[in-house]
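Peer 1: Quick check, what structure comes out for this input:
(2 chains)
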Amino acid sequence: MSLENIINALNLGPLSLLRRRAVESIDEAMRLGASFADLRYFRARTMAVSSTESREVVNNYGVSEGHALRVLVNGSWGYYTTSESSVGAGAAREAFKSASGQGNVRVYELRPLRDKVEVKVRRPLAEDPAEVMRELRRIREQVRAQEPRVKSITVNYSQVEYDKGYWSSDGRDLELRYSISRVSLTAVAREGDVVASAYASKSTYLGYALEVFDVNELIDLLLRRLRSQLKGVTVRPGQYQVVLSPDVSGVFVHEALGHLAEADIAVDGILGKLRGRRVAADFVNVSDSPQLDDPMAIGITPYDDEGVRGREVKIIEGGVMRELMNDRSYAASLGEEPTGNGRAEDFRSSVVVRMRNTYFKPGDMSLEELLEGVKDGFLMESVMGGQTSNDGTFQFGIQEGYRVVNGEVREPIRGAGIAGYTIETIGNIDGVSRDFKVWPGVCGKAGQSVFVGTGGPYVRVSKMKVG
Amino acid sequence: MEAISRLLGEASASGAQAEVIYVRSRSVELSWEKMKQYGMTYVEEGCGLRVVKDGRVGFAYSNRCSGDLVKMALSAAKASEPDSANSLPAPEPVQPIEGSYDSSLEEPWEALRGFMEAVLSYRGGHLNIISARAWGGTALVSVASTEGVDVSSSASFVGAAATGNYMGESYVGPEIYEYGDSRAARGVKVDDFMRELSRKAELTGKREQLKRTDRPVALTPKAINELLFPLLNHAVSLESVYRSRSPLKPGDFVGNRVTVIDNPRLPEGAWSRPFDGEGLPTREVAVIDAGTFRTPLSNTFWANKAGGVNTHSSWRTFMTLPAISATYLVIDAQGAGDLGDAVFVDQVQGVHTSNFDTGEFAVNAAIAWDGDGGLREFVLSGDLKQLLGGLVGLVPDRRRYGRVVSGTALVQGLRISS
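Peer 2: Numbering: from 1, shown residues only, chains lettered A, B, ... in the order given. You can find the predicted model right below:
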């Protein structure tokens, strides 16, 4: 049955022009001999405004729009991605030609479904860049007034409004509308020969970030980080007890564990071999979810870019390695249910297994109890990002951290990084707090960037490399 | 092109200076993973419009080069503050780069299939190929303005890459990435980078903990590309210097007779370009000359703002305003001599977590070895000044890797934590 017949059988009413052309291209692909075909429509309306001590400018303002048609032929995907305003039978022929090899790709087919999801905002997004600039200017001057040692300040605001469509030969007919908005502050301060640079940002799917969040809190956070760096000391490299804040534990679980639990990496990596085995204490639980009830859970993915409805993936449950995140191809190849982790940055990009909102689940200790157990170590409050390799090594930079001696939080540190081997580090977790916070991030993989949420409680690690 | 003329005409009629960057590209890509293979044809067209009116700058972009852009760009201009540094450059003669167009890459399927077959032929034994990619295509870039700039360039690009590791019964080696790229299909030497990948997989088939940490490091050209390029690229931007966001100041003595030249016209370099993002002719710039930081890289705005020379180093896509970037950093220094007990570092993780404003970094040396064989990962930390200042010299194995041309660099004074 063709997609058009399926959609008509579902009595969905008249097709839009876009949908009609989608149907044409998919039906043409199937007529040519594809065993599966799908089409993604992507439109992103973007605005990025920047105010610094030396320039005010709208960096980015416009529309990115196009299609990605994908066909499965002889076990190999063929894509035709284009910025053309619509695609039809010609696109199917181009995609068919692209699927030029013999492969072993399989696809998990789903039941026909029509759905339209619009993630509602609490605060309307900005329409006029000039209004945004006025607010950024106010923030910029507030930072400078509160901290005269600031020599350079950048206040950025960006928003992107997504309109996505998905149609497939197995009858998925989906539309998704949502937005991500972000405010960030970067400052450089000098005192004598000491230079400090700090960063703070908040992002949300709930609308205009400058109104969803209390910007004063963000300013306080920036200044705290800046001031701690100005008096921070370099660490003596070595192995230490470390308490990771929710910001850091979230990035840790994303970088060090999450990537290894992506099916495409797991098949060649260390976690694929550990499924069903204990890797941590029974109070360690890690999941990836398409939606969390937190304004900063910007990995929001009700449906992924393959039309799969997202579900929670329990990566570690009770200390035991359980599930992998997958896309339709890896779900079929591994004989598993799809999880909704097939994501593409835009119409230019292929679908890759990606995280959404990845987090440690809270435990039952307090931060004070965790710190009491630290004789000689660190409290790591904020990261600058991180990276992992599929053999299980990870690294991330620390922008705010403190020395801890006999349970007492002491002087700030600067220029430090933490690194290690994931399985050893997960196994060295000896305490998890009751707290839970989510932080927003942008994850890079395979040359693509997608919004993600990372979250967790305070987590204590008995031994970790600090350098 | 008609759409460009129309946009410039409409913007000019509103009283603004205007500049359009137009990009049209067509490329194909082949990708292989064990459980997923694909081919992709990618076609894109887009326009970016920059306007300057009453000293204010505005910008808008779209995949549709329509009149809406003028309205949006003028609206964006209202948000910016008036600044005499906002201006569009006058035209200058542009010389093409010979050999930057390989017409066989208009339909590169055959060449790319050959690359993929060559990469995958290395599978076997303990060498586990995790993924392979090949890409190639052509792009037309045009920049035109109401000030008389009107330049166009068609270029081709091609490359192949592989990721692999050592795979034993109970041991998984670290992931090693190697690649080659060029403007012409004949410039991609698959065997060269696959032999490197095989050698490094073998080296890391067994890894020992680094026992002694007070040793110099030897950064391979790949490691220099991953670590030094991004740190130095940020530090030598005139914007960073002007805004106190660089650890370096012009005139600083930074290293032991090190010289760094930005060369945007490197023959066969896949990123080489005859003109920059503002349509101005590219040229070599001696950024660091005999150990002294001489010339920050700049574009029209920052040269006007900071009062420096415009090095024509504007870098952009059609979706962004011109920023500043080096194209290829060519590094020269005296010979390194005896490497002694240096630890070789070939791949580092987490450079993006560095503090670019201070130059401080703490990265994971994921692929490393010494005379006794492969080493387990360790943290390498320091800052840009220490890195440049600690440079003893270069090994005569100079090559282009990514965005640098360099030999392996012997560096003292960085901190190692294992």
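Peer 1: ok, residue B:303 touching residue B:312?
Peer 2: No: the criterion here is Cβ atoms under 8 Å, and residue B:303 misses it with residue B:312 at 9.3 Å. From N, CA and C alone the C-beta is placed, and that goes for glycine too.
Peer 1: tell me which parts of the stretch 151-300 of chain B are close to chain A?
Peer 2: Residues of the stretch 151-300 of chain B lying close to chain A (Cβ under 8 Å from any Cβ of the partner chain) are B:165, B:167, B:172-175, B:213, B:242-245, B:247.
Peer 1: Select only the buried ones of these in ChimeraX?
Peer 2: The ChimeraX command for the buried members of these (criterion: 16 or more other Cβ atoms under 10 Å in any protein chain shown) is given here:
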select /B:165,167,172,173,174,175,242,243,244,245,247
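Peer 1: which of residue B:303 and residue B:312 has more neighbours?
Peer 2: residue B:312 (24 against 20; other Cβ atoms under 10 Å in any protein chain shown).
Peer 1: helix, strand or coil for the more buried one?
Peer 2: Look at residue B:312: counting by DSSP: H, G, I helix; E, B strand; the rest coil, its state is coil.
Peer 1: Do you know the pLDDT at residue B:363?
Peer 2: pLDDT recorded at residue B:363 is 88.
Peer 1: Give me the buried stretch members for the host helix or strand of it, please.
Peer 2: In the assignment (DSSP states H and E), residue B:363 maps to strand B:360-370. Residues of strand B:360-370 classed as buried by neighbour count (16+ other Cβ under 10 Å): B:360-370.
Peer 1: Repeat that for stretch A:92-109.
Peer 2: So for stretch A:92-109, counting by 16+ other Cβ under 10 Å, buried means A:92-101, A:103, A:105-108.
Peer 1: what does stretch B:85-101 give?
Peer 2: In stretch B:85-101, counting by 16+ other Cβ under 10 Å, buried: B:85-86, B:88-89, B:91, B:94, B:97, B:100-101.
Peer 1: Among those residues, which has the minimum pLDDT value?
Peer 2: residue B:100 (91).
Peer 1: That one reaches residue B:270, doesn't it?
Peer 2: No: look at residue B:100 against residue B:270 with Cβ under 8 Å: they stay out of range, at 9.5 Å.
Peer 1: Which neighbours do those two have in common?
Peer 2: residue B:183 (Cβ atoms under 8 Å, 6 or more residues apart in numbering or on different chains).
Peer 1: Tell me which stretches of the stretch 101-250 of chain A form strands.
Peer 2: A:113-118, A:150-168, A:172-191, A:194-204, A:238-244 (DSSP state E, counting those that start in this stretch).
Peer 1: for the stretch 251-400 of chain A, same thing?
Peer 2: Under DSSP E, counting those that start in this stretch, the stretch 251-400 of chain A gives strands at A:286-289, A:313-317, A:320-321, A:342-343, A:352-353, A:357-360, A:376-388, A:393-405.
Peer 1: Let me know which of those is tucked in deepest.
Peer 2: Using mean count of other Cβ atoms under 10 Å in any protein chain shown, the stretch among the strands of the stretch 251-400 of chain A with the greatest mean number of neighbours is strand A:357-360 (a mean of 29).
Peer 1: Paired strands for it, with orientation please.
Peer 2: strand A:286-289 (antiparallel), strand A:448-456 (parallel) (DSSP bridges).
Peer 1: Need the residues that contact whichever helix or strand comes after the last one.
Peer 2: Looking back up the chat, that one is strand A:448-456. Per DSSP H and E, the first helix or strand lying C-terminal to strand A:448-456 is strand A:459-466. Strand A:459-466 is contacted by residues A:235, A:237-244, A:249, A:252, A:360, A:370, A:373-374, A:378, A:416-420, A:425, A:428-433, B:378-379, B:417-418 when judged by Cβ under 8 Å, 6+ apart.
Peer 1: Adjacent strands (with direction) for strand A:459-466?
Peer 2: strand A:238-244 (antiparallel), strand A:416-421 (antiparallel), strand A:429-432 (antiparallel).
Peer 1: chain center to the next helix or strand after the second one: distance?
Peer 2: On the C-terminal side of strand A:416-421, the nearest following helix or strand under DSSP H and E is helix A:422-427. Averaging C-alpha positions (Cα atoms, centre = their mean, to the nearest Å) puts helix A:422-427 22 Å from its chain's average.
Peer 1: Same check on stretch A:451-460?
Peer 2: 12 Å.
Peer 1: do the same with stretch A:99-110
Peer 2: With Cα atoms, centre = their mean, you get 27 Å for stretch A:99-110.
Peer 1: Quick one: end-to-end distance for it.
Peer 2: 22 Å (Cα to Cα, to the nearest Å).
Peer 1: right, is that stretch up against chain B?
Peer 2: Yes: part of stretch A:99-110 sits near chain B under the criterion Cβ under 8 Å from any Cβ, namely A:99-101, A:103-105.
Peer 1: Thank you, goodbye.
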